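Trainee: Coordinates for the following, if possible.
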Amino acid sequence: MSTPLAERIRPHSLQEYVSQQHLIGPNGALSSQIASGVISSMIFWGPPGTGKTTLANIIAKDSDRPFYTLSAIDSGVAAVREVIEKAKKSDDLFSTKNPILFIDEIHRFSKSQQDSLLGAVEKGWITLIGATTENPSFEVIPALLSRCQVYVLKAFGKDDLEILLERAIKTDSILAKKEIALKETEALLRLSGGDARKLLNMLELVVLSENTNKVEVTNEMVSAKIQKNTVLYDKTGEQHYDIVSAFIKSIRGSDPNAAVYWLARMIEGGEDVKFIARRLVIAASEDIGMANPTALVLANTTFQAVTTIGYPEARIILSQCAVYLATSPKSNSSYKAIKEAQQLVRQTGDLSVPLSIRNAPTKLMKELGYGASYQYAHDFEGNFVPHEFLPEEITGTSFYDPGKNPREENLKKYLASLWKDKYNY
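Mentor: Numbers count the residues shown, from 1 in each chain. A predicted model of the protein is given here:
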């Protein structure tokens, strides 16, 4: 069986590596490490097909280190320990260049598997490079995470993907035998979703399905052939970003029927229950928020419950939560508030905290006016007294704009009664 196109033209040097310039460009976060050969343990976090494995291979090659690789899907603690023992023996020969252990899909490692790596990383027997499509803050144990730098790999952009297509046509030993014209690339780029591996394998499928040496690639041709072979691109969960997007948008759009359908698609595809539950927690705050704060409580409880229970019963809890969120009133007011506040902080920098609300733990601070004129709200009727809590330069700035739903309409009236015209409530 022929090696897939994406594997045949995998880059073997940084010069051949496309994209991720924020990591390996002239001022990239990894450039100095690679140039010096002093490599720290790290985790690559990014969508499928963004070059995580390729970059790990290049780092090992350029730094002239022994390279061991494990997949979290089929490697247990015993396999990890076996590799570590090999690495320790190699370490006698490579005392200044300890071996690199690359673990693909490290988010699938259990706590005990991750624990088995700690000593080797800490003692320098190995330099760990992990690859994950999931947020390592959730999936990697804190002790291991604290010993690694996390680098985010971005989905490939249009220009990068087109470079890969042209390179494949010109340099691949099989495709170069055909006369291929890329008349249109929009369908290939759209269906790839920024996944370089998926893009190249789709190109190969389309080209080799034509029984002629002269092939003109068009959007219509790609759509027809790829749609008929969707199953080929669903085996490794490469659609899961599209499906979870449909799931969240269905909840946001208050359609419980669509939400349950996309939930079923994820469940039948074997999606991780924690991945689904985390998205529900985010949706509860981002899309429902102040319109129904109980949604966040239920979503968080759902996360805890399904983490403990697992499949198949977890599907019932996930369904209840999805239906609850989809049928809840919607508001993104708190989400917008923090976005606008962060934007203003970036624009205005470190504005001084008003003296009246500064902490005054020492006599000198009190003499300097720290905490002076502050009035304790609970000493006043209604537990409120007007005061200035924002820096002088941005006084009166409003970030929170209550949404148009019953609960926040009442909040708006309450805030208006407190602050009068100050925040235009």
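Trainee: distance from the centroid: which residue in the protein tops it?
Mentor: Here the centre of the chain is the reference, and by CA atoms, centre = their mean the most remote residue is Glu367, at 48.5 Å.
Trainee: what about the closest residue in space to Glu139 that isn't next to it in sequence, distance to Ala72?
Mentor: Of all residues not flanking Glu139 in the chain, His107 sits nearest, at 3.6 Å (CB to CB, 6 or more residues apart in numbering). The way it works is simple: take the backbone N, C-alpha and C, and place the C-beta from them, glycine included. As defined by CB to CB, to the nearest Å, His107 lies at a distance of 7 Å from Ala72.
Trainee: And for Asp287?
Mentor: Taken as CB to CB, the spacing of Asp287 relative to Ala72 amounts to 32 Å.
Trainee: and if you look at Thr127?
Mentor: Here the distance between Thr127 and Ala72 works out to 18 Å (CB to CB).
Trainee: Kindly report the same for Leu355.
Mentor: Between Leu355 and Ala72 the distance, using CB to CB, works out to 54 Å.
Trainee: The two: which has the busier surroundings?
Mentor: Using other CB atoms under 10 Å, the more surrounded residue of Leu355 and Ala72 is Ala72, with 20 against 15.
Trainee: Tell me the pLDDT of that one.
Mentor: Per-residue confidence for Ala72 comes out at a pLDDT of 73.
Trainee: what comes up buried for the helix or strand where Leu205 lies?
Mentor: Under DSSP states H and E, the secondary-structure element containing Leu205 is helix 196-208. By neighbour count with 16 or more other CB atoms under 10 Å, helix 196-208 contains the buried residues 196-207.
Trainee: and what of stretch 164-178?
Mentor: Neighbour-count burial for stretch 164-178 flags 164-165, 168-169, 172, 175 (criterion: 16+ other CB under 10 Å).
Trainee: Tell me the one of these nearest Ser63?
Mentor: Checking the buried residues of stretch 164-178 against Ser63 with CB to CB, the nearest one is Leu164 at 25.2 Å.
Trainee: dump the residue contacts of that closest one.
Mentor: Contact criterion CB atoms under 8 Å, 6 or more residues apart in numbering gives 18, 156, 196, 199-200 as the residues in contact with Leu164.
Trainee: who are the neighbours in contact with the nearest residue to Glu186 once chain neighbours are set aside?
Mentor: The spatial neighbour of Glu186 that comes closest, neighbours along the chain excluded (CB to CB, 6+ apart), is Asn219 at 5.4 Å. The neighbours of Asn219, taking CB under 8 Å, 6+ apart as the test, are 184, 186-187.
Trainee: Nearest residue to the most centrally placed residue in the chain in space, please, no chain neighbours.
Mentor: The residue lying closest to the centre of the chain (CA atoms, centre = their mean) is Asn135, at 5.2 Å. Nearest residue to Asn135, sequence neighbours excluded (CB to CB, 6+ apart): Trp45, at 7.0 Å.
Trainee: Below-threshold pLDDT in the stretch 51-200 of the chain: ranges please.
Mentor: Residue ranges of the stretch 51-200 of the chain with pLDDT under 70: 75, 90-97.
Trainee: Now with 90, please.
Mentor: Scanning the stretch 51-200 of the chain with the threshold set as pLDDT under 90 gives 60-100, 104-105, 107-126, 133-141, 154-158, 173-174, 176-178, 187, 189-198.
Trainee: Helices of that one, start to end?
Mentor: Under the criterion DSSP state H, counting those that start in this stretch, the stretch 51-200 of the chain carries helices at the ranges 52-62, 77-93, 111-123, 136-139, 142-145, 158-171, 186-192, 196-208.
Trainee: Might you report the residue contacts of Ile282?
Mentor: Shown in contact with Ile282 (CB under 8 Å, 6+ apart): Ile248.
Trainee: Assign it to helix, strand or coil.
Mentor: Put simply, Ile282 is helix when judged by DSSP: H, G, I helix; E, B strand; the rest coil.
Trainee: Look up how far Glu105 lies from the closest residue to Lys170 other than its chain neighbours.
Mentor: Closest residue to Lys170 apart from its sequence neighbours, by CB to CB, 6+ apart: Ala176 at 6.5 Å. When distances are taken as CB to CB, Ala176 and Glu105 turn out to be 33 Å apart.
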